[in-house]
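Engineer: For reference, the sequence and a predicted model appear below.
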Protein chains: 2
Amino acid sequence: MRDPHIDQSAQTIDLPCGSAGKGRTDRWPELLEAAAELFAEKGYDGTSLRDIADRLGMLKGSLYHYISGKSDLLVHVMREAHRRGLRSIAALAREEGPAIERLEAIVVAHARYVCTERVFTAGFFEARRHLPEARAVEFAADERDYRLRVEALIVRGQDEGALRTDLDPKLTALCLLGFLNSLHLWVRPNGVHSIRRICDHAVMLGLDGLRRR
Amino acid sequence: MRDPHIDQSAQTIDLPCGSAGKGRTDRWPELLEAAAELFAEKGYDGTSLRDIADRLGMLKGSLYHYISGKSDLLVHVMREAHRRGLRSIAALAREEGPAIERLEAIVVAHARYVCTERVFTAGFFEARRHLPEARAVEFAADERDYRLRVEALIVRGQDEGALRTDLDPKLTALCLLGFLNSLHLWVRPNGVHSIRRICDHAVMLGLDGLRRR
DNA sequence: CTATTTGCCAAACGATCGTTTGGCTTGAGC
DNA sequence: GCTCAAGCCAAACGATCGTTTGGCAAATAG
């Protein structure tokens, strides 16, 4: 069986399917979206291949033309989530300028991504839970790198006099990122609060604090 | 089959088992702890009754002397989590005194509970996902009540001049509680950070903010 | 002592799971 | 027109799931 997805380089942003064909139907994007959506909604173990196939209007056995197995979808959901947001957000941590401004930009971008790409964010964390250790390391390095850069920004913010010095950089980074990564758990797609306001409040809670100055 | 658990009033703090017996083995607490632990670790659908029975050293069929079915465990895990912490934490929101002090007390107590009772907190949110709508309303009312009280405290804190007035009370309460409820996702039981320090940082992030004053 | 209940085992049930196989249909390339 | 691969259906596989049933051994009550 063909499997153009497994070996696809994580560096490219091309669709995992090597569809250079012209008029052929290729439902890989649909499959990926359906898998992420169902994983986010019902969990990995709670989603059967039949559920996914139903959403595409096909039988579960037919999915094996696109994937090598159910666990295969986990990796691709994570890669897609990774591709859609984490990489570009992490890039913000590498730019220059005052640390406090970089932190603000990161918080806003991270919050915006988690809120707008709710499905893939939830799918990402759901997938990570069920990924075997060997597969998880592929993404763990990037996450760790991202967290360390935020940590470094906090340290630099302290040195530059913008951030209070009585907090532990690592613990603070964990709190901040943990908070941002949990937004998708309660933010609702068509909720009463606009994403813009949610991002504003994320900055207020994360950086400014609630206390009056 | 007996089922002393289903009809047990949610008001008492007695163990769900009516074990007035003297020397009998009654492994209900073990069962509850094992279920919560496995649900938190592997998820509800990822945990089989055989997994739970194995941890107690018995066969899966034997569990039906304690429960009426697998979904039954969900309700009991949530009730236990509810009993252990949420009720006492919510009580803090009803006490008197300056709003800002009440908020601080709530944040500390909530963070401490989520960190110390990691298993039942994770089990609580895992259980809530898989609870049928009809069962979920039993707990939704308490959660909503708790959130509304935090909201009211934020409003009062604004009126008293302790909190900044440019934030939306409801959205802020959602952010704050969402942050606290997500601590269990990355806090590790025997991690390098003490619970005390984690609580301190939760207050810093949630109330004081990171910026230097 | 006997009678009854508790706690658990042993075995089986139907249902559903992920996965495999073989074949049909359609459209592209030569 | 022929060839070949893509895309999907149909049917089956063994494994595991939650659940039920019958029964045995020990402890309790009378």
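Structural biologist: In hand now; what should we look at?
Engineer: Please count neighbours and contacts with C-alpha atoms only from this point.
Structural biologist: Fine.
Engineer: Next secondary structure after whichever strand or helix holds A:Ala127?
Structural biologist: Assigned by DSSP states H and E, A:Ala127 falls within helix A:118-130. For helix A:118-130, the following helix or strand on the C-terminal side (DSSP H and E) is helix A:133-159.
Engineer: what angle do the helix holding A:Ala127 and helix A:133-159 make?
Structural biologist: Helix A:118-130 and helix A:133-159 are oriented at 120 degrees to each other (axes from the mean of the first three to the mean of the last three C-alpha atoms, to 10 degrees).
Engineer: Return the list of helices and strands in contact with helix A:118-130.
Structural biologist: helix A:28-42, helix A:70-81 (3 or more C-alpha pairs under 8 Å, 6 or more residues apart in numbering or on different chains; DSSP states H and E).
Engineer: Look at the residue of chain A found nearest chain B and say how many residues are nearby.
Structural biologist: Scanning chain A for proximity to chain B using C-alpha to the nearest C-alpha identifies A:Gly209 as nearest, at 3.5 Å. Counted by other C-alpha atoms under 10 Å in any protein chain shown, the residues lying close to A:Gly209 total 23.
Engineer: separation between the nearest residue to it once chain neighbours are set aside and A:Arg128?
Structural biologist: Nearest residue to A:Gly209, sequence neighbours excluded (C-alpha to C-alpha, 6 or more residues apart in numbering or on different chains): B:Gly209, at 3.5 Å. Applying C-alpha to C-alpha, to the nearest Å, the value for B:Gly209 to A:Arg128 is 30 Å.
Engineer: show me the contacts for A:Leu167.
Structural biologist: B:His201 (C-alpha atoms under 8 Å, 6 or more residues apart in numbering or on different chains).
Engineer: Give the helix, strand or coil label for it.
Structural biologist: Under DSSP: H, G, I helix; E, B strand; the rest coil, A:Leu167 falls in the coil class.
Engineer: quick one, phi psi at it?
Structural biologist: Main-chain dihedrals, A:Leu167, degrees, to the nearest 10: phi -120, psi 150.
Engineer: Does A:His110 touch A:Leu180 like I think?
Structural biologist: Yes. A:His110 is within contact range of A:Leu180, at 6.7 Å (criterion: C-alpha atoms under 8 Å).
Engineer: Looking at the two, which is more packed in?
Structural biologist: Each of A:His110 and A:Leu180 has its neighbours counted (other C-alpha under 10 Å); A:Leu180 has more, 26 against 23.
Engineer: and the closest residue to that one other than its chain neighbours, what is it in contact with?
Structural biologist: Distances taken as C-alpha to C-alpha, 6+ apart place A:Ala111 nearest to A:Leu180, at 5.8 Å, with adjacent residues excluded. Contact analysis of A:Ala111 by C-alpha under 8 Å, 6+ apart lists A:Leu180, A:Asn181, A:Leu183, A:Ile198, A:Cys199, A:Ala202.
Engineer: Going by neighbour count, list what's buried in the helix or strand where A:Ala111 lies.
Structural biologist: Using DSSP H and E, the element containing A:Ala111 is helix A:99-116. Neighbour-count burial for helix A:99-116 flags A:99-100, A:102-115 (criterion: 16 or more other C-alpha atoms under 10 Å in any protein chain shown).
Engineer: What is the neighbour count of A:Cys175?
Structural biologist: By the criterion of other C-alpha under 10 Å, A:Cys175 has 24 neighbours.
Engineer: In three-state terms, label it for me.
Structural biologist: Going by three-state DSSP: A:Cys175 is helix.
Engineer: Tell me how far the residue nearest to A:Gly209 lies from B:Val203.
Structural biologist: 8 Å.
Engineer: so how many other residues sit close to A:Asp142?
Structural biologist: Using other C-alpha under 10 Å, A:Asp142 has 15 other residues around it.
Engineer: what's the answer for A:Asp145, then?
Structural biologist: A:Asp145 has 12 neighbours, counted by other C-alpha under 10 Å.
Engineer: What residue, apart from its backbone neighbours, is nearest A:Phe120 spatially?
Structural biologist: The shortest distance from A:Phe120 to any non-neighbouring residue, by C-alpha to C-alpha, 6+ apart, is to A:Ala81 (5.2 Å).
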